[in-house]
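Peer 1: predicted coordinates and the sequence they were generated for:
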Amino acid sequence: MITITDKEISDALEKIPPIDHVVARTLALLRDPTTSARRIAQEIAKDVLLSFEIMKIVNSPIYGFSRKVQSLEHAITLIGFKSVESIVLSAYTKRIYDVELKYFRLKRGELSIQAFIGAYAAKLVSQENWPDLEDITFASAVLRSVGKIIMNYFLSKHFDKIKQELTKESDNFDKIEKKIFGFTSNELSVIVLERWGISEEIKKVIQFYNKLSLIKEKESKLYKTAVSVHIGDRIAMMTGLGASIDSMKYPIDQEIFHYTKIKPQDIERYLEKTVKIYPDLIREIIEVLPP
């Protein structure tokens with residue numbers, strides 16, 4: 001294992017900015033039961049780019065409204081505060097994802113593809129099996145990849161060791177990260193979300209969606225949400241869309257088929273739906289720069 005100092009980790013974390021003031025205030029308002037849709041819309045409107053991104057997500061195939069939603073206040077009223085919270089987080093994270101990750105072999109825009117394709121698929125799984133967990137599933141699935149931005153920094157320093165490990169067929173990519181650095185991209189994601197003040201629920205989902213066996217309560221909300229995010233993440237990789245260096249190093253955890261009603265043929269169905277919606281999703285919410 002390579003020795004990584006606390007200072008190196010701290011320096012790498014600085015590559016992710018602290019959460020935006022408008023986002024922080026909006027999240028606080030959304031958690032206040034006395035807040036009105038108008039007040040939330042007024043706060044979001046202070047950030048024009050954030051407002052634009054939120055409206056793109058609301059009008060995308062993710063929500064599938066038959067008529068275009070024209071205003072923030074209308075959107076908030078239609079989808080409810082809980083859904084708005086997940087969309088605000090997703091829209092802000094999309095801004096953070098607007099980077100090239102050379103050592104993950106992701107061009108600028110492709111991290112967003114991975115995040116939102118996976119989030120769409122995770123939402124499908126949740127809608128069908130645990131609809132009350134749809135919003136936390138979507139937000140968790142989008143946020144799951146933020147640690148890759150930091151891990152890319154460490155890959156740049158020790159890429160030869162990563163390439164050597166990738167020639168071995170036995171290990172998942174998170175095990176390779178853990179073996180070389182002592183931590184994983186997921187663990188870095190949790191640190192970022194802690195700094196952002198994101199809810200414990202979302203942090204736990206991201207902490208465990210690659211380690212389902214560590215969740216002992218298989219009927220818990222945590223397990224069901226983590227399963228949805230796990231499947232969404234794997235489906236994003238199966239599509240080959242925005243594929244990164246780790247894409248073929250994360251198989252579906254077979255315990256899912258034992259502890260839930262989900263079957264292998266369901267995975268195929270979710271994959272088909274995701275691939276079918278991909279062009280519309282890209283057109284509506286994700287800008288991909290030409291090579």
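Peer 2: Okay, I see it. Numbers count the residues shown, from 1 in each chain.
Peer 1: for the helix or strand containing I136, buried residues please.
Peer 2: Following DSSP states H and E, one finds I136 within helix 134-143. Using 16 or more other Cβ atoms under 10 Å as the test for burial, helix 134-143 gives E134, D135, I136, T137, F138, A139, S140, A141, V142, L143. Glycine gets a C-beta too; all of them are placed from N, C-alpha and C.
Peer 1: after that helix, next one along is what?
Peer 2: Toward the C-terminal end, the helix or strand that comes next after helix 134-143 (DSSP H and E) is helix 147-157.
Peer 1: name the helices or strands packed onto the helix holding I136?
Peer 2: Counting contacts by 3 or more Cβ pairs under 8 Å, 6 or more residues apart in numbering; DSSP states H and E, helix 134-143 is packed against helix 72-96, helix 110-129, helix 200-208, helix 221-239.
Peer 1: how close does the residue of the chain most remote from its centre sit to P17?
Peer 2: Distance from the C-alpha centroid of the chain, by Cα atoms, centre = their mean, peaks at T34 (29.3 Å). Counting by Cβ to Cβ, to the nearest Å, the gap from T34 to P17 is 30 Å.
Peer 1: same check, this time on I87
Peer 2: For I87, the distance to P17 (Cβ to Cβ) stands at 20 Å.
Peer 1: which one of those two is surrounded by more residues?
Peer 2: More crowded of I87 and P17, by other Cβ atoms under 10 Å: I87, with 26 against 11.
Peer 1: from the chain's centroid, how far away is the lowest-mean-pLDDT helix or strand in the chain?
Peer 2: Every helix and strand in the chain was compared by mean pLDDT, DSSP states H and E; the lowest is helix 159-166, with a mean of 78. Relative to its parent chain, helix 159-166 has a centroid offset of 25 Å by Cα atoms, centre = their mean, to the nearest Å.
Peer 1: what of stretch 137-145?
Peer 2: Here stretch 137-145 is found 3 Å from its chain centre; the criterion is Cα atoms, centre = their mean.
Peer 1: so, low pLDDT: which residues of the chain?
Peer 2: 168-171, 241-243, 245-249, 286-291 (pLDDT under 70).
Peer 1: redo that, cut-off 80
Peer 2: 1, 3, 64-66, 162-172, 240-250, 281-291 (pLDDT under 80).
Peer 1: list the contacts for the residue positioned nearest the centre of the chain?
Peer 2: Residue closest to the average C-alpha location in the chain (Cα atoms, centre = their mean): V142, at 2.1 Å. By Cβ atoms under 8 Å, 6 or more residues apart in numbering, the contact set of V142 is S86, L89, S90, T93, K94, A115, F116, G118, A119.
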